[in-house]
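Trainee: fold the following and give me the result.
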Amino acid sequence: MGNFKKICVFCGSNSGYRKIFSDAALDLGRELVERKIDLVYGGGSIGLMGLVSQAVYDGGCNVLGIIPRALVSVEISGHAVGEVLIVSDMHERKAEMARRADAFIALPGGYGTMEELLEVITWSQLGIHEKPVGLLNIDGYYDCLLGLFDKGVEEGFIKPSARNIVISATSPKELLEKMEEYVPIHNQVAPSRSWNTDEPVTRSS
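Mentor: Residues are numbered from 1 along each chain as shown. Purely as a prediction, here's the structure:
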């Protein structure tokens with residue numbers, strides 16, 4: 001896919017119990033700076049979100065946080081770095097993050113991180129986008145999820161070619177190198193142009 005200008009990072013509003021997760025967030029931020037890649041993320045200043053955004057901002061790259069109004073008082077402590085776009089709800093948050101980024105990376109996180117990750121994987125499968133989706137698998141955190149994807153292939157629920165949508169690595173440098181080489185090989189459910197319709201169509205029998 002070549003060079004990225006902006007990458008969306010999904011990650012936890014918590015830091016996890018072990019320092020290895022915080023270190024990974026900082027390492028990813030520094031790797032983005034090294035490659036002069038701007039950050040799009042969920043807008044929080046706490047947890048892994050706060051660490052990766054601060055690292056990118058301190059390195060001189062642009063940071064755009066996108067956060068629903070209801071979560072501003074929950075996920076922003078003190079001053080957020082960079083630009084903050086306040087949106088109406090979670091759906092708008094995810095749509096804006098997806099629209100503004102050239103690729104996606106998931107750090108360890110909870111339900112919200114996994115939901116964001118699975119949505120952009122699904123959108124790739126459907127043909128809504130062809131952007132690389134990376135999973136930073138720190139200390140085996142996502143081993144079970146990757147195993148579940150493999151089980152889906154084994155049981156006939158995920159096509160083998162679609163399994164390749166998910167790019168995983170254990171370090172930011174390796175992950176970004178893999179993402180730069182990514183070429184979609186799966187059959188999209190529908191071409192991207194068919195998703196670019198503005199109005200609903202009603203059909204009757």
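
Trainee: surely Glu83 meets Tyr57?
Mentor: No. Between Glu83 and Tyr57 there is no contact under Cβ atoms under 8 Å: 10.2 Å. Backbone N, C-alpha and C define where each C-beta goes, glycine included.

Trainee: now the common contact residues for the two.
Mentor: Counting by Cβ atoms under 8 Å, 6 or more residues apart in numbering, the common neighbours of Glu83 and Tyr57 are Val63.

Trainee: where does the protein dip in pLDDT?
Mentor: In the predicted model of the chain, residues 1-2, 75-78, 187-205 satisfy pLDDT under 70.

Trainee: that older thread, which one of Glu83 and Tyr57 is surrounded by more residues?
Mentor: Tyr57 (17 against 11; other Cβ atoms under 10 Å).

Trainee: name the nearest residue to that one, sequence neighbours excluded.
Mentor: Spatial nearest neighbour of Tyr57, chain neighbours left out: Val81 (4.0 Å); criterion: Cβ to Cβ, 6 or more residues apart in numbering.

Trainee: now do the strands in this protein.
Mentor: Taking DSSP state E as the criterion, the chain carries its strands at 6-10, 38-41, 63-68, 83-87, 103-106, 133-136, 166-169.

Trainee: could I get those strands as a markdown table with distance to Ser124?
Mentor: Below are the strands of the chain laid out as a markdown table (distance: least, Cβ to Cβ, whole Å):
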| stretch | distance to Ser124 |
| --- | --- |
| strand 6-10 | 13 |
| strand 38-41 | 17 |
| strand 63-68 | 20 |
| strand 83-87 | 23 |
| strand 103-106 | 9 |
| strand 133-136 | 6 |
| strand 166-169 | 9 |
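
Trainee: just the ones you listed: most buried one?
Mentor: With neighbours taken as mean count of other Cβ atoms under 10 Å, these reach their highest mean count in strand 103-106, at a mean of 27.

Trainee: please name the strands paired to that one in the sheet, noting orientation.
Mentor: In its sheet, strand 103-106 lies beside strand 6-10 (parallel), strand 133-136 (parallel), with partners assigned from DSSP bridges.

Trainee: now those strands in CSV, with distance to Glu154?
Mentor: Conversion of the strands paired with strand 103-106 to CSV gives the following (distance: least, Cβ to Cβ, whole Å):
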stretch, distance to Glu154
strand 6-10, 26
strand 133-136, 19
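
Trainee: correct me, but the residue nearest to Tyr57 touches Ala55?
Mentor: No. Using Cβ under 8 Å, Val81 is not in contact with Ala55; the gap is 9.7 Å.
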